[in-house]
Each structure stands twice: as structure tokens, then as C-alpha cells.
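# The sequence isn't on hand, but the structure is:
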């Protein structure tokens, strides 16, 4: 079964993304979405170095909701900062110590940080123990580290790593 459907969670996600990109729920688009959702993981299976296990699917749903909320709030915050007085911005580089060990979880954490306006994942240390983050306006780096760990890293650890 895993040969015919290598990533069962990815198939419906890709189908939904296809429908959103086409802005249509026509039957032909639904079929095309599921065909692409099935074919893309099947073709790209050799590029996936590890099998993805989701240990807590409800935590994944909550993580996605938190991330979407943070992206929306950060957009308004960055707009206010830029349109307000950009001379008062306090950019900073912050080193985030990582507890994650899974390549997928680290990648998702780095991408989540980059997707949230005002922050950017700049570099992963060679030993994969630290992530360098650039913040557009940050005065309390310790609070930023705690927020990232609580909102992103801990849920990703629960979702993708066996505790």
C-alpha cells in the first residue's frame, strides 16, 4: 500500500492546494488535484530521505492554526512598523538553540519563522543545534526565543518526533 500511496497525508493537501490555485471545485479539477496529489509524492519518493510519521495529528491542526494566526498578526505589525517610524526599528540577530532532531521538523520550524513577517531564518549550524534568526524589530531576544519554542518548536517536536 505504501508503494501506491507513499505519503497519504500529502495527497489530499496537494489536491486542496491545486483547487485553491485554480479557484475552482469543478469535478475535473478535483480529479486533476487528486491525480497530482497522488503522482507528485509517487514520483518524488526517492528524494524523501526519511519516512514522515505524524505522532499527534490534532497538534498538527493546532500548529497550522497558530501559524496562520501569527502570520496574519505579524503582517499588521510589520505594516504598522514600516508605515509608522522605520527609524525606530531595532533589528537583531538571535541564536535559537534547537531541541529538534528531525530534518523535516527543523525545516518546518525554519520555514515557519521565515513565513512569519518580521522574522527570517538565516542559518542553521552545521551540527543542527542552533538556528540563526534575523528579527526586524526586537528588543527582548529572550522573550522571542521562548515564544518561538512554545509556539513552534515544542508542537513540531510532538508532531514529528517520538517522545
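Received it, and whenever you're ready, just let me know what you need. In this text the structure is predicted, and so the values were computed from the model without any measurement. Numbering: from 1, shown residues only.
# What's the first helix or strand after the lengthiest helix in the chain?
Counting by DSSP state H, the longest helix found in the chain is helix 57-83. The C-terminal neighbour of helix 57-83 among helices and strands, as given by DSSP states H and E, is strand 92-97.
# In the helix or strand that that following strand is followed by, which residues are buried?
Downstream of strand 92-97, the first helix or strand assigned by DSSP H and E is helix 103-115. Under the neighbour-count criterion of 16 or more other C-beta atoms under 10 Å, helix 103-115 has 104-106, 108-110, 112-113 buried. No exception for glycine: its C-beta is placed from N, CA and C like everyone else's.
# And stretch 38-48, by the same measure?
Here stretch 38-48 shows 38, 40-41 as buried, counting by 16+ other C-beta under 10 Å.
# Sort out for me which of those residues are in helices.
38, 40-41.
# can you list the residues you listed in a markdown table and add distance to residue 83 and pLDDT?
Listed next are these as a markdown table, based on distance: C-beta to C-beta, whole Å; pLDDT from 0 to 100:
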| residue | distance to residue 83 | pLDDT |
| --- | --- | --- |
| 38 | 45 | 90 |
| 40 | 40 | 91 |
| 41 | 42 | 87 |
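# Please convert those residues to TSV, extending it with distance to residue 140.
Below are those laid out as TSV (distance: C-beta to C-beta, whole Å):
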residue	distance to residue 140
38	47
40	42
41	42
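# which among these gets closest to residue 9?
residue 41 (9.5 Å; C-beta to C-beta).
# can you pull the contacts of the closest one?
Counting by C-beta atoms under 8 Å, 6 or more residues apart in numbering, residue 41 touches 5-7, 10-11, 14.
# What sits closest to it if chain neighbours are left out?
In space, and not counting its chain neighbours, residue 41 is closest to residue 7: 4.1 Å by C-beta to C-beta, 6 or more residues apart in numbering.
# isn't the one you found right up against residue 52?
Yes - if you go by C-beta atoms under 8 Å, residue 7 and residue 52 touch, sitting 6.6 Å apart.
# higher neighbour count, these two?
Neighbours were tallied for residue 7 and for residue 52 using other C-beta atoms under 10 Å; the higher tally belongs to residue 7 (19 against 15).
# List the contacts of that one.
So residue 7 contacts 41, 45, 48, 52 (C-beta under 8 Å, 6+ apart).
# I'd like those as CSV, with secondary structure and distance to residue 66 appended.
Output for the contacts of residue 7, formatted as CSV (DSSP: H, G, I helix; E, B strand; the rest coil; distance: C-beta to C-beta, whole Å):
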residue, secondary structure, distance to residue 66
41, helix, 26
45, helix, 30
48, coil, 26
52, coil, 20
